[in-house]
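Visitor: Fold the following for me, if possible:
(one chain, ligands or ions: 2)
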Amino acid sequence: MQTSVAIIGAGPAGLLLGHILGRAGVPFVILERSSREHVLGRIRAGVLEQGSVDIVTSLGLDAGLRERGLEHGGIHLQYEGQRRHVDFRDLVGRTVTIYGQQALVTDMLAEHERLGSTILFDADDVAPHGTDGPDPIVSYTLDGTRHELHADFVVGTDGYHGICRQSFPTGTLESYERSYPFAWLGILADVPPSTDDLIYALHPDGFAMHSMRSRTVSRLYLQVGPDESIDDWSDERIWDGLQTRLGLSGWTLEEGRITEKSITPMRSFVTSSLASGRLFLAGDAGHIVPPTGAKGLNSAIADVALLGRALLEQRAGDDAPLASYSDRALARQWQVQQFSQWMTELLHVHHEDPDASARAFRYRSQVGQLEYVTGSRNAMAGLAEQYAGLPF
Ligand code: APR
Ligand code: PHB
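Guide: Ligands and ions are numbered 1, 2, ... in the order given. Next up is the predicted model:
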């Protein structure tokens, strides 16, 4: 088989890149290790920056988003019994839209199927070869038979655990990373959200947040230890934790049936390059953020917007945008990394620190930082600008 762009991984990054290429008439094939059902079933992020919404809209993929997306003009920051609103519309004239990654993936896949795109699910042992030469090949196994796909370019949108980053020539990549001594326990609950805008709360017990998926489904998170098991968190214990950490006098957190619960570790990771020869990385394959700034999905979309355009420009005879893709995407990504780390450290409690005085000092400093951020229009505008999204 022969194509122009072999895309490895059918997450949001791979599916979106397929739409950018397909719209311009560029042939592509998407190879995905998991089943279609598995790809559609993964519950993940939920906040789209304005720039992400614009791209999805420009590709005509916005019908579901328009119908079911919830536009938000700000967030609440809560600490020490106070809830302060950060008004993005007023501060920077921008908004974000709550629309589950799962819904976006469903919409993009449905449109691919309508267009007749080639997406091969359940592809085993996908492996790029010869990407540093002129004729890359991706080999894979489907129904027990080994195949080869010849392509002009190979794009790894295969997530953090994917094969493409590992396929870079030995010794050419460095990793910059840190893990955090906490994780997020996330739930979906059948209950209308108890809040208008998202609530991010710092509490002595740890971070909590209130997000949503629709007018009838709430998404909530609790900071837990990195090694905790979901089996130790009964529904009652989860609601107790949420009530304590999000509680505010005069406000009620409504409870409902929990339909999904899981624990996700938190990590910051950036690879030193997103390009080697004719192989390119985009999305989680190249970088991971802790979820506090809601940047994982948006970073994947930002990469793909840059890479998609660069691939089209290359076909039109201009190699420069593709040659500078890695540098441009990583320069933006490091700003996003810094913001995500800052939001994370602002709102989480380092229970693991054995030094009680250092712990208390850190917590009081976080409260001081929250007082400053919510009290200074300049500081709030900085937060709003980054949360609503840097330019693509
Ligand atoms: N071969 C083929 N497919 C693979 C391989 C492989 N060796 N390894 C991984 N994949 C697939 C995964 O099954 C998954 O469907 O690549 C896809 C990667 O998708 P994501 O992990 O969703 O990554 P990405 O598209 O970059 O989206 C980033 O996902 O993790 C969230 O918070 C993150 O919202 C962000 C978004
Ligand atoms: C979510 O709705 O899943 C969500 C919202 C904001 C975040 C992270 C996750 O920062």
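Visitor: show me where pLDDT drops low in the stretch 151-300 of the chain?
Guide: Nowhere does the stretch 151-300 of the chain drop to pLDDT under 70.
Visitor: what residues does it put near ligand 1?
Guide: Residues of the stretch 151-300 of the chain found near ligand 1 (C-beta under 6 Å from any ligand atom) are 157, 158, 159, 161, 162, 163, 283, 284, 285, 296, 297, 300. All C-beta atoms are positioned from the backbone trio N, CA, C, and that covers glycine.
Visitor: CSV for these, including secondary structure?
Guide: Formatted as CSV, these follow (DSSP: H, G, I helix; E, B strand; the rest coil):
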residue, secondary structure
157, coil
158, coil
159, coil
161, coil
162, coil
163, coil
283, helix
284, helix
285, helix
296, helix
297, helix
300, helix
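Visitor: Just the buried ones from those?
Guide: 157, 158, 159, 162, 163, 283, 284, 285, 296, 297, 300 (16 or more other C-beta atoms under 10 Å).
Visitor: From those residues, pick the one nearest ligand 2.
Guide: Checking those against ligand 2 with C-beta to the nearest ligand atom, the nearest one is residue 296 at 8.3 Å.
Visitor: if I pick the closest one, what's in contact with it?
Guide: By C-beta atoms under 8 Å, 6 or more residues apart in numbering, the residues touching residue 296 are 44, 45, 284, 288, 289.
Visitor: Reformat those residues as CSV; add secondary structure and distance to residue 103.
Guide: As requested, the contacts of residue 296 are arranged in CSV below (DSSP: H, G, I helix; E, B strand; the rest coil; distance: C-beta to C-beta, whole Å):
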residue, secondary structure, distance to residue 103
44, coil, 11
45, coil, 11
284, helix, 18
288, strand, 22
289, coil, 21
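Visitor: If any of those residues are buried, give me the PyMOL selection for them.
Guide: Buried subset of the contacts of residue 296, written as a PyMOL selection, criterion 16+ other C-beta under 10 Å:
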select buried, resi 44+45+284+288+289
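Visitor: Does residue 281 touch residue 271 like I think?
Guide: Yes. Residue 281 is within contact range of residue 271, at 6.9 Å (criterion: C-beta atoms under 8 Å).
Visitor: Between those two, which contacts overlap?
Guide: Joint contacts of residue 281 and residue 271 (C-beta under 8 Å, 6+ apart) are residue 165.
Visitor: more neighbours, these two?
Guide: More neighbours surround residue 281 than the other of residue 281 and residue 271, with 31 against 20 (other C-beta atoms under 10 Å).
Visitor: the strands in the stretch 51-200 of the chain, which residues?
Guide: Listed in chain order, the strands of the stretch 51-200 of the chain (DSSP state E, counting those that start in this stretch) span 70-72, 74-79, 82-87, 96-98, 118-120, 124-129, 137-142, 145-150, 153-156, 175-190, 198-202.
Visitor: just those strands: most buried one?
Guide: Most buried of the strands of the stretch 51-200 of the chain by mean neighbour count (mean count of other C-beta atoms under 10 Å) is strand 153-156; its value is a mean of 28.
Visitor: which other residues reach it?
Guide: Strand 153-156 has contacts (C-beta under 8 Å, 6+ apart) with 4-9, 14, 17, 128, 131, 136, 138, 162-165, 167, 278-282, 285, 307, 311.
Visitor: which SS state does residue 226 fall under?
Guide: Three-state assignment for residue 226 (three-state DSSP): coil.
Visitor: what's around it, how many residues?
Guide: Residue 226 has 14 neighbouring residues, counting by other C-beta under 10 Å.
Visitor: which ones are touching it?
Guide: 179, 180, 181, 182, 183, 265, 266.
Visitor: quick check, nearest of the residues you listed to ligand 2?
Guide: Nearest to ligand 2 among these, counting by C-beta to the nearest ligand atom, is residue 266 at 11.0 Å.
Visitor: tell me the contacts of that closest one?
Guide: Applying C-beta under 8 Å, 6+ apart, the residues near residue 266 are 179, 180, 182, 183, 184, 226, 290, 291, 344.
Visitor: would JSON lines of those residues with distance to ligand 2 be doable?
Guide: Output for the contacts of residue 266, formatted as JSON lines (distance: C-beta to the nearest ligand atom, whole Å):
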{"residue": "179", "distance to ligand 2": "18"}
{"residue": "180", "distance to ligand 2": "14"}
{"residue": "182", "distance to ligand 2": "14"}
{"residue": "183", "distance to ligand 2": "13"}
{"residue": "184", "distance to ligand 2": "8"}
{"residue": "226", "distance to ligand 2": "17"}
{"residue": "290", "distance to ligand 2": "9"}
{"residue": "291", "distance to ligand 2": "4"}
{"residue": "344", "distance to ligand 2": "10"}
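Visitor: what's the closest of those to ligand 1?
Guide: Nearest to ligand 1 among the contacts of residue 266 is residue 291, at 6.8 Å by C-beta to the nearest ligand atom.
Visitor: for ligand 1, what are the nearby residues on the stretch 1-150 of the chain?
Guide: So the stretch 1-150 of the chain meets ligand 1 at 8-14, 31-34, 39, 44-45, 101, 123, 126 (C-beta under 6 Å from any ligand atom).
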